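In: Pasted the sequence and its predicted model underneath.
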Amino acid sequence: MNGARWIVARREVVERARSRAFQVGTAVQLIAVVVALAIAALTGGGEDARTVALVGERSQPYAAPLQAAGPALDAKVATERLPDRAAAVRAVEDGDADAAVVDGREVIVEDDADDTLAAAIQSVRRQLALREALDAAGVPPAQLRAALAPAPLRVAVLEPQQSDLGARQGIAFVAVLLLYIAIFAYGMSVASGIVEEKSSRVIEVVLSAIRPRELLAGKIVGIGLLGLAQFALVIAVGLIGGSLLNTVDLPHVTAGWIALIALWFLLGYALYACVYAVAGALVSRQEDLQSSTGALNMIVVAAYVLSFIALQEPDGAMMTVLSFLPPSAPMAMPARWLIGDVPTWQLLLSIALTAGAIVALVRLATVVYARAALRMGPKVSLRSVLAGGRDR
């Protein structure tokens, strides 16, 4: 980047970073992330806990097997001793205990006899009965242990699933949402910045010193760098907060995924920033910006909605097509890559197609901006701009 473009880019970064709108927007995003993590920690974080009350000496052998059954129940099972059946009934009714075992003969639950915890207690009952029978028959201890804890069967998985599929899907949904917000917000920043300079006549002074293409390139690069920094800050706060609060189970390859998401942010931003620059150059008043960017905004929203819907079936034809189309690829391809097994050549092809579209749009944006930057008054059509005048 030459000196003029770098000066413009640096000015965009400094001025926008100092603006109250940017600072408030960043604070709102960070607060939203922290609140979401706090809610997740309070409502879904940590391991589920189940309590079983034990009444009588014949119920005490249930303690160790039930605690060992915790992982199978996806919970931590705790036991407590109670003096009699009445106390056990009160504990279950009051919610102090999820179930109770009375004298090794009765299981008390509140409203569901087929509850998984009740089923686990019944399984422990059978295990203890078998132990008693084998012990009474004089089975040697070694054979007794082998009978009660046989080697598990070898499991042959015909269609293996990724063990961290849930985490991948969660990250993909969040990634699509963040990419959509970032691309839309910073693309609009480019358009509104151009209109602001035109309406205030500042652009006439600036263009007396540098060429339009240098001004446009500096503006896009500056806003993009600031957007990338804000984007990275939000992700970093989310990752650090999720790790500290133990609300997010992140796979070990998350660092590579973050790099991929950042790459697609840059590609998506560059793609849409050029089009938003064209939309901004065609008007000279903020009141006209909405009509100028209306169709473009619909394309961005449609790309997000379709990508979000296609995430339900990441290996489907819809998601595959969206991951190659430049308007939707910045959201669809990283999500598809995070969830499924995408061949490397498809990822590279998607990047190449998006990069090719960026090159074409850069040329279009440069021509339109150079020809329409100094046009004031009502909105001009793209056709009339392309049909007349030469760019500087």
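Out: Noted; the coordinates are in hand. Residues are numbered from 1 along each chain as shown.
In: alpha carbons only for contacts and neighbour counts from here, please
Out: OK.
In: Return the residues in contact with the closest residue to residue 66 other than its chain neighbours.
Out: Distances taken as Cα to Cα, 6 or more residues apart in numbering place residue 77 nearest to residue 66, at 6.6 Å, with adjacent residues excluded. Counting by Cα atoms under 8 Å, 6 or more residues apart in numbering, residue 77 touches 49-52, 66-67, 69-70.
In: again, only this time at 10 Å
Out: Neighbouring residues of residue 77 by Cα atoms under 10 Å, 6 or more residues apart in numbering: 48-52, 63-71, 98, 117.
In: now swap in residue 28 and tell me
Out: Neighbouring residues of residue 28 by Cα under 10 Å, 6+ apart: 22, 34.
In: Check residue 20 too.
Out: Counting by Cα under 10 Å, 6+ apart, residue 20 touches residue 26.
In: ok, it to residue 265 distance?
Out: The spacing between residue 20 and residue 265, counted by Cα to Cα, to the nearest Å, is 24 Å.
In: Specify the beta-bridge partners of the residue nearest to residue 66.
Out: Beta bridges link residue 77 to residue 50 when assigned by DSSP bridges.
In: For whatever helix or strand residue 118 lives in, buried residues please.
Out: Per DSSP states H and E: residue 118 is located in helix 116-136. Buried residues in helix 116-136, counting neighbours by 16 or more other Cα atoms under 10 Å, are found at 117-118, 120-121, 124-125, 127-128, 131, 134.
In: what do you get for stretch 171-186?
Out: For stretch 171-186, a neighbour-count test (16+ other Cα under 10 Å) marks 171-173, 175-184, 186 as buried.
In: Lowest-confidence one in those?
Out: The member of those with the lowest pLDDT is residue 171, at 73.
In: Just the C-alphas of stretch 87-106, formatted as CSV.
Out: Below are the C-alpha coordinates for stretch 87-106, written out as CSV (Å, rounded to 0.1, in the frame of the first residue of the first chain):
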residue,chain,number,x,y,z
ALA,A,87,-37.6,-39.3,56.4
ALA,A,88,-36.8,-40.7,52.9
VAL,A,89,-40.3,-39.9,51.7
ARG,A,90,-40.0,-36.3,52.9
ALA,A,91,-36.6,-35.9,51.2
VAL,A,92,-38.0,-37.1,47.9
GLU,A,93,-41.1,-35.0,48.1
ASP,A,94,-39.2,-31.9,49.1
GLY,A,95,-36.6,-32.4,46.3
ASP,A,96,-33.8,-33.0,48.7
ALA,A,97,-33.3,-36.4,47.2
ASP,A,98,-34.0,-37.7,43.7
ALA,A,99,-34.7,-41.2,44.9
ALA,A,100,-34.4,-43.4,48.0
VAL,A,101,-33.6,-47.0,48.8
VAL,A,102,-35.2,-48.4,51.9
ASP,A,103,-33.7,-51.5,53.5
GLY,A,104,-32.5,-52.8,50.2
ARG,A,105,-36.0,-53.8,49.2
GLU,A,106,-37.8,-50.6,48.0
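In: what about the strands in the chain?
Out: 48-55, 75-82, 99-102, 106-108 (DSSP state E).
In: Name the residues of the shortest one that come out as buried.
Out: The neighbour-count criterion (16+ other Cα under 10 Å) identifies 107-108 as the buried residues of strand 106-108.
In: That strand pairs with which strands, parallel or anti?
Out: Strand 106-108 is paired, per DSSP bridges, with strand 99-102 (antiparallel).
In: which other residues reach the partner strand?
Out: By Cα under 10 Å, 6+ apart, the list of residues contacting strand 99-102 reads 50-60, 62, 79-85, 87-89, 91-93, 106-110, 115, 117-118, 121.
In: Can I get the buried part of those residues as one ChimeraX selection?
Out: Selection command for ChimeraX covering only the buried members of the contacts of strand 99-102, criterion 16+ other Cα under 10 Å:
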select :50,51,52,53,54,55,59,60,62,79,81,82,85,88,89,91,92,93,107,108,109,110,117,118,121
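In: By mean pLDDT, which helix or strand of this structure comes out lowest?
Out: Least confident element among the helices and strands of the chain, by mean pLDDT, DSSP states H and E: helix 141-148 (a mean of 68).
In: distance of residue 303 from residue 184?
Out: 11 Å.
In: cool, residue 101 as well?
Out: Applying Cα to Cα, the value for residue 101 to residue 184 is 59 Å.
In: Run a quick neighbour tally on the closest residue to residue 270 other than its chain neighbours.
Out: Of all residues not flanking residue 270 in the chain, residue 358 sits nearest, at 6.6 Å (Cα to Cα, 6+ apart). Using other Cα atoms under 10 Å, residue 358 has 22 neighbouring residues.
In: Please apply the same query to residue 259.
Out: When neighbours are counted by other Cα under 10 Å, residue 259 registers 11.
In: Can you give me the distance of it to residue 265?
Out: Taking Cα to Cα as the measure, residue 259 and residue 265 are separated by 10 Å.
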